[in-house]
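*Asks:* Starting from these lines, generate the structure:
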Amino acid sequence: MLSFNSALLSVASDFVGQYSPYQSVQISPAPSGGVYIASTDKGNIACLAFDPSGSADETSCILPSKDLIKVSKGIKTGERNIKIEGDMAMVTTFKKTANQQVEVPVMRSQVTFPPLANAIKNCLDLWKDIPHTSETAGRYDLNYISKALRSLSVFDSSISLSAFVGGPLRIQGASNNLIILVMPQTAEPIPDVPEWLSKYSN
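*Replies:* Okay, here's the model as predicted:
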C-alpha cells in the first residue's frame with residue numbers, strides 16, 4: 001500500500017512525458033521512512049518530492065489520469081492524503097468540519113522508470129565540486145516571477161535566468177529586447193541540498 005500527501009502526486013503529474021517510459025510518476029519508499037515522488041519528461045524537466053510522513057511497501061509507477069490529478073490537487077482550505085491499494089486510490093480531504101473521501105481507479109505502468117536517480121547523483125557530484133560565487137541566495141516573490149514569465153512568453157519560448165550577487169533576478173528572452181528584474185525580498189544563505197535528495201540519488 002502507498003500513502004502520502006496527494007498534492008505531491010498532482011504536482012509531479014505536471015512533469016510527466018507523453019511517451020513511455022516517461023509517462024508515469026514513481027512512488028518509492030525512502031530508506032529511513034517516508035516516500036519519494038519523482039517524474040521526468042525525457043530529461044527536459046524533473047520533479048522530485050519527499051513526504052516524510054508517507055509510507056510505501058513497494059516501488060510503483062502510477063499513470064496519472066485526469067480524474068486522479070483532479071482529486072489529488074492541493075487545496076488551501078485543507079490537506080489531502082492519498083492511499084493506493086491494488087488498482088484503487090482513496091483520496092481523503094481533511095477539513096475543520098468534516099473529512100471528504102473520493103475513490104478513483106489507478107493505472108500502473110509496467111515499464112521500468114527512467115534512471116532519474118543516477119542523473120541526480122551526477123548533479124550532486126557536480127555541485128559539490130563547483131565553488132560558490134556567492135554566499136547568499138535571494139528569496140523572490142512567486143507572484144512577480146509568474147508575472148515576468150507570462151509577459152516574456154509573448155515574445156519567446158525560452159528564457160535565461162541569472163541572479164546578481166545581492167541583487168535582482170534577471171529574466172530575459174532569447175531576443176534580448178525585453179528584460180525583467182525581480183528584486184529579492186531577502187538575502188538568505190544558499191540552501192543546502194536536502195539530505196533526502198542525496199539518499200534518493202543512491
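*Asks:* Tell me who's in contact with the residue in the chain sticking out farthest from the centre.
*Replies:* Relative to the centre of the chain, the most outlying C-alpha is that of Asn177, 31.1 Å out, by C-alpha atoms, centre = their mean. Asn177 makes contact with Phe155, according to C-beta atoms under 8 Å, 6 or more residues apart in numbering. C-beta coordinates here come from the backbone N, C-alpha and C atoms, glycine included.
*Asks:* Any chance of the backbone angles for the nearest residue to Asp87 once chain neighbours are set aside?
*Replies:* If the residues on either side of it in the chain are set aside, Asp87 comes closest to Val106, at 5.5 Å by C-beta to C-beta, 6 or more residues apart in numbering. The phi and psi torsions at Val106 (degrees, to the nearest 10) take the values phi -130, psi 140.
*Asks:* wait, what's in contact with the residue positioned nearest the centre of the chain?
*Replies:* The C-alpha lying nearest the average C-alpha coordinate of the chain belongs to Cys47 (C-alpha atoms, centre = their mean; 3.5 Å). Counting by C-beta under 8 Å, 6+ apart, Cys47 makes contact with Val11, Ala12, Asp14, Phe15, Ile37, Ala38, Ser39, Thr40.
*Asks:* where's Arg108 relative to Ile120, distance?
*Replies:* Distance, Arg108 to Ile120, by C-beta to C-beta, to the nearest Å: 23 Å.
*Asks:* meant to ask about Met88
*Replies:* Met88 is 31 Å from Ile120, by C-beta to C-beta.
*Asks:* What of Ile37?
*Replies:* For Ile37 relative to Ile120 (C-beta to C-beta), the value is 13 Å.
*Asks:* Likewise for Gly173?
*Replies:* 29 Å.
*Asks:* again, but for Ala137
*Replies:* Relative to Ile120, and taking C-beta to C-beta, Ala137 is found at 20 Å.
*Asks:* Tell me which helix or strand the residue farthest from the centre of the chain sits in.
*Replies:* Of the helices and strands defined by DSSP states H and E, none includes Asn177.
*Asks:* so what pLDDT did it get?
*Replies:* Asn177 is assigned a predicted lDDT (pLDDT) of 76.
*Asks:* Phi and psi next, for it.
*Replies:* The phi/psi pair for Asn177 (degrees, to the nearest 10) reads phi -90, psi -10.
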